[in-house]
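In: no sequence on hand, only this structure:
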């Protein structure tokens with residue numbers, strides 16, 4: 001029975017061996033199947049990385065609409081590279097230690113992190129609250145740099161952990177910087193129901209130039225966020241988080257000018273040519 005070529009490389013080897021043809025190697029074609037394999041591998045990696053519990057082959061296959069055999073092969077490859085780890089007892093997968101290297105490389109080479117880290121650390125020391133720099137990744141709010149509060153009781157978001165854009169001050173500030181079509185796409189993609197109220201809150205953040213949230217994503221927590229700005233397709237915000245017992249209404253309002261001045265510093269450094 002005839003079988004399909006194992007890969008584009010195998011096909012190229014057979015063509016090169018036939019007589020009367022130009023044997024000069026050309027660029028390897030990007031076949032649809034090759035691109036799909038890469039897409040599936042990235043989907044599996046992201047699903048494992050974003051999960052708050054170990055993920056099994058069967059549920060990944062169901063949730064991602066990828067065959068179980070393909071998911072198994074992808075996970076085996078990720079495990080060999082240290083990007084996924086299987087628990088011995090359940091054979092379910094969590095993100096692997098090699099992902100830390102990728103995260104460290106991103107932070108070390110990120111223009112935004114480089115521009116913001118010193119200022120955010122100073123804000124954390126000055127206010128006594130956790131200071132974060134956040135952006136939008138795949139329709140979620142993600143912290144790219146965090147300077148933790150020195151207080152025993154503090155809030156921590158976690159670098160790289162995704163959160164909903166539609167909950168909390170930081171999400172509203174990030175959404176307020178998007179063009180209208182970008183905001184509408186996110187509202188549709190995430191099936192937001194009360195779009196009128198959401199648009200009103202985002203509009204208020206845009207007009208005021210800041211946002212404050214209380215107990216929207218964690219009980220007893222408060223956040224204050226201001227925009228850093230936009231560079232290319234990247235939007236960024238500076239925030240502080242702390243217990244609402246410390247971040248009272250008066251203190252939150254008083255810290256807005258401090259955060260705006262810090263965000264302006266970051267903006268200048270972020271937009272300087274390398």
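Out: Sure thing, it's come through. Model, not experiment: these values are computed from the prediction.

In: shouldn't residue 184 be within a strand?
Out: No: the assignment for residue 184, made by DSSP: H, G, I helix; E, B strand; the rest coil, is helix rather than a strand.

In: next, the nearest residue to residue 68 once chain neighbours are set aside: phi, psi?
Out: Residue nearest to residue 68 in three dimensions, not counting chain neighbours: residue 61, with 4.4 Å by Cβ to Cβ, 6 or more residues apart in numbering. C-beta: built from backbone N, CA, C; applies to glycine. Dihedral pair for residue 61: phi -60, psi -40, per degrees, to the nearest 10.

In: how about residue 87?
Out: As for residue 87, its main-chain torsions (degrees, to the nearest 10) stand at phi -70, psi 140.

In: any idea how far stretch 113-120 is from the chain center?
Out: From the chain centre to the centre of stretch 113-120 is a distance of 18 Å (Cα atoms, centre = their mean, to the nearest Å).

In: where does pLDDT dip in the stretch 1-150 of the chain?
Out: 1-32, 103-109 (pLDDT under 70).

In: let's see it at 90
Out: By pLDDT under 90, the low-scoring segments of the stretch 1-150 of the chain are 1-37, 42, 45-53, 81-83, 87-91, 94-114, 137-140.

In: now the strands for it?
Out: For the stretch 1-150 of the chain, strands defined by DSSP state E, counting those that start in this stretch occupy the ranges 84-86, 93-95, 130-137, 140-147.

In: quick one: which of these is nearest residue 53?
Out: Evaluated with Cβ to Cβ, the strands of the stretch 1-150 of the chain place strand 93-95 nearest to residue 53, the distance being 8.3 Å.

In: kindly provide the distance from the residue lying closest to residue 72 once chain neighbours are set aside to residue 44.
Out: Counting by Cβ to Cβ, 6+ apart, residue 72 lies nearest to residue 57, which is 5.5 Å off, once chain neighbours are set aside. As judged by Cβ to Cβ, to the nearest Å, residue 57 and residue 44 stand 10 Å apart.

In: returning to that earlier point: identify whichever of the strands of the stretch 1-150 of the chain lies nearest to residue 249.
Out: Once these are compared by Cβ to Cβ, strand 130-137 is nearest, at 19.0 Å.
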